[in-house]
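Peer 1: Test case, fold it:
(chains A and B)
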Amino acid sequence: MADAAVDFAAASTEALQDRQLRTNFRRAMDGLMSKRAVQFADQAEWHAMRALGASVRLRALAKLPELLERLEETCTRNGIRVHWAATTDEANAIILSIMRGADARLAVKGKSMVTEEMHLNAFLERHGIEILESDLGEYIVQLDESTPSHIIMPAIHMNTRQIARLFRRKIKEAEDTEDVARLTDLARRVLRRKFAAAEVGLSGVNVAVAETGTLCLVENEGNGRMCTTVPPVHIAVMGLEKVVETLEDVPPILSLLPRSATGQPITTYVNMISGPRRPGEKDGPREVHLVILDNGRSGVYADGELRDTLRCIRCGACMNHCPVYTRVGGHAYQAPYPGPIGKILVPQMEGLEKRGELPHACTMCNACVEICPVKIPIVGILGRLRSEAVHAGGSVKGAGSHASRAEALVWKGWAATFASPAAYKVATLAMATLGNAAPSALPLLKEWTSARVKPRFAPESLHRLAAKKGIPDA
Amino acid sequence: MPETTATTAAPSATGTARAAILGRLRAGRDAHPVAPPPPCDFTVLAEKRWDPAERLDRIRRLMEAVHTEFLEATEADWPAAVGRFLAAEGARTLLYAPATGAGATLAAGWDAGGPELVPYDAEVETFKERLFEGIDAGLTDTLGAIADTGSLILWPSAEEPRLLSLVPHIHVALLRVDRLYDTFWQAMRDNRWAEGMPTNALLISGPSKTADIEQTLAYGVHGPKRLVVVLVR
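Peer 2: From the prediction side, this is the model:
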C-alpha cells in the first residue's frame, strides 16, 4: 500500500469532514460547470470543435519524436536554447545552471504545473534562489506554504475571508479588508516591484509549435507576460507532449482550452513567443530557454492504450465535472494533477506501487469522458490501471504491486461459481438463507458497510421467482 | 546540441537525455504503432463567419463584457480624441512608439497642453524604473481584431516594444474598422503568420483580470487596469 505520506483514502476522509472546504469547492465547481455549458451551448459546434481538437492532438502524438526534433530546430533557429531532461532532477539542475549563469537571486514565475511536478520552488530555495509565484492564485498558495488544489485555479479551496487573513498575516503593508479588489491591488503592488527586479522569469508552455518554434501561453492576469518579457532571461518548461505540428493547430486548442476551463471565450492574453529580443528591439528577454521534460511520459507513450493520456491540454474540465473531486477537493490527491486526469497521469508517472489507489478514486460515472475537449477515454484507462495494479507483468511502473492473494481467490471463486449452474444455485440459495445473518464487521463487508447500509438479500432469487411465474430458463 | 554559450553551462546530461528520450519514444511507437489519426477537419473554423457590420458589433459586445472601453474617432482626429480622454481621466504621461506611423501621427496631432508624451525609443533597461513607476498610459497600434472571441491582435516590433501594452495602467489601442477578422485561425491564414512570426505576437481581449479570489472578478491585477480601444473609421 501507499506510504503514510501519500494516502488518498485517509486524506479524502479527512477532507470530507471539512464543511468549509466542501462548500468552497461545491460553489466553485457549480459555477465553472454552468459557465462552460454556456460557451458550448451550440452542440453541433462543440462536437465539431472537439473532433478537431482531438485530431490535432492525435496527429501531434503520431509524429511526436519528429515534431520534438522539428521544434528544437525551429526554436534554435529563432535563438531559443533547447534543453532536454529525462527526469525532474535533470530539469531542476538545468534550470539552476541557467540561473547561476545569469547570477540570478530572484526569479518570478508564471503558472506552470510541470514545475509543480518537479518541486522546482523548493529545489531553488534550497540553492539560495528566491522564487516568487506571480499568478495571484499561485501567490496565495505560496504565501500559505501549501500546494495548488486545482490546475487552473490554484487557490480555489480558500474563500475570501481565509485569503484576507493570510494576507494580513504574511504581507507587511496589508490593510484590514476583505474587499477582493483591494486584496488584488495589494498583490499588484507587491509583485510589480518583483517583476522589475527579477533576473529570471519562468513559465510553462500551453502549446509549442514545431513549424515555427513558437511557445504559446494563455493567461488572464498579465503576470505571464511580465515573467516572459521583463527579466533578461526567460526559461520555459514543458512536458514533451505539449508540441503540435503547425501554427494552424493552435486556434482549435485555444478555442477549447479557456472555454472548457473557466467558461471564457478566450483568456485576456494569448502570448506567442518565438525568440529572445532581436537586435534593435527595445525589450524582451535577451535569452530564452526551453526545457523539454520527459519524467515518465515516454513510458506512457510506449503503450498503445495509455498513450491517449498525453492528449491532455490541461483545461481542468474533468476535475470541474468530477463528483469525487468536488467533494474531496484537490489536496486529497496529494499530486500535482488532481481529479480524473491526475488519476490516470500520476500513477503512470510515479508508479502504481506508490499511487495505485488513485485509479480507484472514481465512481465510473463517465462525466469526465463526456466533458473532455480532446476525448481522452479516461474511464477506460482507469480500468486498465486498476487491472495493471493487481496483475504482474504489465507495462506500467509498479504493475502487480497491489496484487492480493485474497482478492485473486475471491475472483477465482466467483468465476467458478458462474461457470457452473449447480454451484451458482447452491451459492444463491446460501445467500438467500444465510446472507443476511453475516455481520457487517466481516473482513470483506467491513469497508463497504462503513459508509453504506448493508444490502439485504431477498428470500427468493430472481430465477426462482421467474420459474414460479412459469418463465423457463433460457 | 544548441548548448552554445558558457552562460548556460547546462549539465552534459542534456545531450544524453535527448538521445534517450527520442530513442524511447521511437522504440515505444515501433513496438505499439500509433493508429493513423483521423483527418483534421477545420470546417468548423472556416464556417465561422459574420457580416461585416456584425463583426464590429460582436467585437465590441464581447470586449465590453470584460470591461474594455471604446472611443470613436477618424483617421484625422484620433490623436485629439485620445488626448481629451486621457486628460479627462487625469493621466499625466502617455508612452508611445515614435518610429511607427501611428506614433508619428500621434506626435503631430498632439495638443501641447495635454498629457506629456513619452517616447519609448531606448532599451527598457535605461528607464525601467520610470516605466514601472511613472507612466500612466501606453499607446499601441493593432493588426486588427477577431470577432469570434473579441480579441485585438498585437504585433510588437523593434519600433513598437512589447511592454507598451503591458506595464502602463491604461492601454490605448488603435483599431481600424476595416481590419476585422472572423476567427483567430482566419487571421493567421490570411496574413500567412507561419511564414514569419515576430519574437512576440499577442492577442489581447480586455484589461488584465483575475478571479483567483473566490471566483470574484477583479480587474488590473498585473497588467493594465484599463483597456481603451480607439475605433478609427
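
Peer 1: okay, how far is it across stretch B:32-43, tip to tip?
Peer 2: 31 Å (Cα to Cα, to the nearest Å).

Peer 1: now swap in stretch B:222-233 and tell me
Peer 2: The separation between the terminal residues of stretch B:222-233, taken as Cα to Cα, is 31 Å.

Peer 1: now the residue positioned nearest the centre of chain A, nearest residue through space, not along the chain?
Peer 2: Most central in chain A under Cα atoms, centre = their mean is A:Tyr337, positioned 2.8 Å from the mean C-alpha point. Once flanking residues are discounted, A:Tyr337 sits nearest to A:Leu345: 5.2 Å by Cβ to Cβ, 6 or more residues apart in numbering or on different chains. (C-beta placed from N, C-alpha, C; glycine too.)

Peer 1: Does the nearest residue to A:Phe418 once chain neighbours are set aside lie in a helix or a strand, and which?
Peer 2: Among residues not flanking A:Phe418 along the chain, A:Tyr424 sits closest, at 6.3 Å (Cβ to Cβ, 6+ apart). In this assignment (DSSP states H and E), A:Tyr424 forms part of helix A:421-434.

Peer 1: got a pLDDT number for B:Pro207?
Peer 2: For B:Pro207, the pLDDT comes out at 98.

Peer 1: what's the distance between it and A:Ile313?
Peer 2: From B:Pro207 over to A:Ile313 the distance is 26 Å, taken as Cβ to Cβ, to the nearest Å.

Peer 1: got a list of what the residue nearest to A:Tyr337 touches?
Peer 2: Contact analysis of A:Leu345 by Cβ atoms under 8 Å, 6 or more residues apart in numbering or on different chains lists A:Val300, A:Thr309, A:Cys312, A:Tyr337.

Peer 1: Can I get these in CSV including distance to A:Ala458?
Peer 2: Formatted as CSV, these follow (distance: Cβ to Cβ, whole Å):
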residue, distance to A:Ala458
A:Val300, 46
A:Thr309, 42
A:Cys312, 45
A:Tyr337, 44
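
Peer 1: circling back to that earlier point, tell me how far the residue nearest to A:Tyr337 lies from A:Met226.
Peer 2: Counting by Cβ to Cβ, the gap from A:Leu345 to A:Met226 is 29 Å.

Peer 1: Residue in the stretch 151-300 of chain A with the shortest distance to chain B?
Peer 2: A:Gly222 (2.5 Å; Cβ to the nearest Cβ).

Peer 1: Chain B: helices as residue ranges?
Peer 2: For chain B, applying DSSP state H gives helices covering B:13-31, B:43-46, B:52-65, B:78-88, B:101-108, B:128-134, B:184-190.

Peer 1: low pLDDT regions in chain B?
Peer 2: Within chain B, the stretches with pLDDT under 70 are B:1-14.

Peer 1: if we go to 50?
Peer 2: By pLDDT under 50, the low-scoring segments of chain B are B:1-11.

Peer 1: Residue most distant from the centroid, it?
Peer 2: Chain B, Cα atoms, centre = their mean, max distance from centroid: B:Ala31 (44.4 Å).

Peer 1: Contact partners for it?
Peer 2: When contacts are counted by Cβ under 8 Å, 6+ apart, B:Ala31 touches A:Ala302.

Peer 1: what's the spacing between it and A:Ser395?
Peer 2: As judged by Cβ to Cβ, B:Ala31 and A:Ser395 stand 10 Å apart.

Peer 1: Repeat that for A:Ala9.
Peer 2: From A:Ala9 to A:Ser395 the distance is 26 Å (Cβ to Cβ).

Peer 1: Those two: which is more packed in?
Peer 2: A:Ser395 (18 against 14; other Cβ atoms under 10 Å in any protein chain shown).

Peer 1: I'd say that one and A:Tyr301 touch.
Peer 2: No - with contact defined as Cβ atoms under 8 Å, A:Ser395 and A:Tyr301 do not form a contacting pair (11.1 Å).

Peer 1: Quick one: distance of stretch B:97-116 to the chain centre.
Peer 2: 21 Å (Cα atoms, centre = their mean, to the nearest Å).

Peer 1: That one near chain A anywhere?
Peer 2: No - using Cβ under 8 Å from any Cβ of the partner chain, we find that stretch B:97-116 stays clear of chain A, coming within 9.1 Å at best.

Peer 1: now the end-to-end length of that stretch.
Peer 2: End-to-end distance for stretch B:97-116, by Cα to Cα: 14 Å.

Peer 1: Next, the buried residues of that stretch.
Peer 2: B:Ala97, B:Pro98, B:Thr100, B:Ala102, B:Gly103, B:Thr105, B:Leu106, B:Trp110, B:Gly114, B:Pro115 (16 or more other Cβ atoms under 10 Å in any protein chain shown).

Peer 1: tell me the phi and psi of the third one?
Peer 2: Meaning B:Thr100. For B:Thr100, the backbone dihedrals (degrees, to the nearest 10) come out as phi -90, psi 160.

Peer 1: Please report the distance of it from A:Glu45.
Peer 2: Taken as Cβ to Cβ, the span from B:Thr100 to A:Glu45 is 38 Å.
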